[in-house]
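*Asks:* I would like to see how this sequence folds:
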Amino acid sequence: MPGILRRFPDRRVARLDDQNPWLLSDATGGSPHEFMAEQQAAAANTRTRWVRPADLEDLEYSPEEYERMLQLYEETLKDIQEGEIVRARVLRVANGAVVLDLGFKSEGQVALDEFSEPPQPGDEVEVYLEHLEDQEGVVVVSKKKADFVRVWEKIREAYEKDLPIEGIVKKKIKGGVTVDIMGVDAFLPGSQIALRRVANVDELIGQKFHFKILKLNKRRRNIVVSRRVLLEAERDRKREELKKDLQVGQLRKGIIKNITDFGAFIDLGGMDGLLHITDMSWGRVGHPSEICKIGDEIEVKILDVDWERERISLGLKQLQAYPWKDVEQRYPLGSRVRGKVVSITNYGAFVELEPGIEGRVHISEMSWTRNVRHPSQIISIGDEIEAVVLRVDPGEEKVSLGMKQTEADPWLSLPAKYPPGTRVRGKVRNLTSFGAFVEVEPGIDGLVHISDLSWTKRVQHPSEVLEKGQEVEVVVLSIDVDQKRISLGLKQVEDDPWYQLCQTYAPGTEWEGKVTRLLEKGVVVDLGNDIEGFVPLSQLAPDREVHEPGEVVKEGVALKLRVMESDPINRRIVLQVTEPLPIAEAGDGAKGPESAEEPGPEGADGTVRAVDEPPGEGDAEGEAPES
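*Replies:* So this is what the prediction gives:
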């Protein structure tokens, strides 16, 4: 019986004889013509049985019929080889797997997560045939490998020809993101996502971009892509175009790319320019974020271009009118204005009169009466105040303002209100080494100099007579409106007792006194009742010559004294010792003279004043008290 028949599924060719079987359909008997008819109808997914040639001895067929029968049968089967991509039909989806009909004796399965979208029964898909049969006789196929093989050639071509390829940012992973390129995952490092570091990568998920393939490894199925390379190339191209067109003075639109404490960077299309904070507004800008927002489009003016350093300076306020033009007409001298306090320094405060125009209120122009040590004692940032224009300098862009000028100067009325000799009561606000400050009116203090505290006692510090917060009665001595000073006297509240004292301590009368201070030219003695006298050096020891007071007396020693001179004009009493002390008693423990407390000028007879001269014009009686 001639003819060559093929045996499935092993596809081994064998001649029809007693040693080789023939694979037939499940038809029981029948002629080869009937067999071919059935194969033409449907042969897929049929059961098979082995038939020996002896079973077909009664059949009559020609070689042509054998060839036709075999051809029709082979058309119903697929010639499948391992390592190929085959098309399959989805039978069902169950238990996380997709069951496929491959046209083979066994069905294939693919994990559902290998599909980007779940397939439906009846859909046709392409899979990669890894093995015809595994240990369990199951066909091993992969959807992911099939996609990889299909896409790989396109990816390889793009890599070799240095062409960009489109992909979708899929998900965030360690060190970067995954990009879906035609169904194949590629790695996009974080440094290659954009020109600058992306703060929030999650915002890019799902977006489509073009990428350049940096690395390709088929064996490891590793694809590394970059978006930054394409952006840099585009930026360089635009930069060259920008260099040809960009000129100082042009108006350009750009996108705000970044904001810092000192300004904002604007993408002009190929190059970034700096919009400095000082060029954002004629007015005060605390931070660039008050004016700019990342991603906004903004129109700016080109102020300067440095191609060598690739720096472009931009301006925004230059698009607005210059606010200092005709400022003198808008703010004439003496006019009252209102503004908001925008800044406070140690020496004053700055007040915004309008955007771009600020005036300064010096600390000395804040109050007529208060001793303002810091502007924050009176005003705060954000306060709206009224002031008077004192000076305008358009060239220096300065406006001087005064707050106290909004009210009448109370010092102008003080001379008429408090003529010299007027008695007033006030509280001691502060004590200094040179006197005491007494409040005459709220915010107006007068100085009682230390020399005006007592007629007779030499006061070394005001605290010996007064206490802070004590209410006292004083006499107005003088008022200096220009220097804002009031001189007061405490001792002037009482009559000058020296004319009466000079009668009591008449020359020739004898008294006892105690040494209180040793000076270079003599000693001061206490005569009682806050009355002091002076004993010259030459009058300390009538029986011997004395070079220093400490040779014969010491502080606290009682002396027998005689009045030599009483001077009510210069308010002094000059004495002499009548009974000298023994040397041993006088010299023990005696202190040296106090050179720093030398009395006033000597008289014709060598005597000196017992108290200091009143303060002169240059004394520090005008210093302000502590608050």
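*Asks:* C-alpha only now, for contacts and for neighbours.
*Replies:* OK.
*Asks:* show me how the record splits the protein into domains.
*Replies:* Under the assignment automatic domain parsing, the domains of the chain span 4-75, 85-146, 246-319, 327-406, 410-493, 498-597.
*Asks:* what would those look like in a markdown table with mean neighbour count, distance to residue 185 and mean pLDDT?
*Replies:* Below are those laid out as a markdown table (neighbours: other C-alpha atoms under 10 Å; distance: least, C-alpha to C-alpha, whole Å; pLDDT from 0 to 100):
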| stretch | mean neighbour count | distance to residue 185 | mean pLDDT |
| --- | --- | --- | --- |
| domain 4-75 | 14 | 36 | 47 |
| domain 85-146 | 17 | 10 | 83 |
| domain 246-319 | 17 | 30 | 87 |
| domain 327-406 | 17 | 55 | 90 |
| domain 410-493 | 18 | 81 | 88 |
| domain 498-597 | 18 | 96 | 78 |
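*Asks:* what separates the strand or helix carrying residue 172 from the chain centre, distance-wise?
*Replies:* For residue 172, the enclosing helix or strand under DSSP states H and E is strand 165-173. Distance, stretch centre to chain centre, for strand 165-173: 36 Å (C-alpha atoms, centre = their mean, to the nearest Å).
*Asks:* which one of the domains of the chain lies closest to residue 238?
*Replies:* Closest to residue 238 of the domains of the chain is domain 246-319 (C-alpha to C-alpha; 4.5 Å).
*Asks:* first-to-last residue distance for that closest one?
*Replies:* 18 Å (C-alpha to C-alpha, to the nearest Å).
*Asks:* begin at 663 from now on, thanks
*Replies:* Sure, I'll start numbering at 663, so the last one becomes domain 908-981.
*Asks:* the strand or helix carrying residue 1188 packs against which elements?
*Replies:* Per DSSP H and E, residue 1188 falls inside strand 1184-1190. Contact partners of strand 1184-1190 among helices and strands, from 3 or more C-alpha pairs under 8 Å, 6 or more residues apart in numbering; DSSP states H and E: strand 1172-1181, strand 1193-1198.
*Asks:* for it, which strands pair with it and how are they oriented?
*Replies:* According to DSSP bridges, strand 1184-1190 forms sheet pairs with strand 1172-1181 (antiparallel), strand 1193-1198 (antiparallel).
*Asks:* so what touches the next helix or strand after the shortest one?
*Replies:* Using DSSP H and E, the helix or strand that directly follows strand 1193-1198 along the chain is strand 1220-1229. Around strand 1220-1229, the neighbours that count as contacts under C-alpha atoms under 8 Å, 6 or more residues apart in numbering are 1164, 1167-1177, 1234-1241.
*Asks:* what's the offset of strand 1220-1229 from the middle of its chain?
*Replies:* Its chain's C-alpha centre and that of strand 1220-1229 lie 77 Å apart, by C-alpha atoms, centre = their mean.
*Asks:* what pairs with that strand, parallel or antiparallel?
*Replies:* Here strand 1220-1229 has these sheet partners by DSSP bridges: strand 1172-1181 (antiparallel), strand 1234-1239 (antiparallel).
*Asks:* pull the CA coordinates from the last one and hand them back as PDB.
*Replies:* Same thing as strand 1234-1239. What follows is strand 1234-1239, C-alpha atoms only, in PDB (Å, rounded to 0.1, in the frame of the first residue of the first chain):
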ATOM      1  CA  ARG A1234      31.300 129.300 103.200                       C
ATOM      2  CA  ILE A1235      32.600 129.300 106.700                       C
ATOM      3  CA  VAL A1236      36.400 129.200 107.200                       C
ATOM      4  CA  LEU A1237      37.700 127.900 110.600                       C
ATOM      5  CA  GLN A1238      41.000 127.400 112.500                       C
ATOM      6  CA  VAL A1239      42.000 124.800 115.100                       C
END
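*Asks:* report the inter-axis angle for the helix or strand containing residue 811 versus strand 827-835.
*Replies:* Per DSSP H and E: residue 811 is located in helix 805-822. Inter-element angle recorded for helix 805-822 and strand 827-835: 120 degrees (by axes from the mean of the first three to the mean of the last three C-alpha atoms, to 10 degrees).
*Asks:* picking up where we left off before, mind listing what the strand holding residue 834 pairs with, with the direction of each?
*Replies:* Here strand 827-835 is paired, per DSSP bridges, with strand 838-843 (antiparallel), strand 870-879 (antiparallel).
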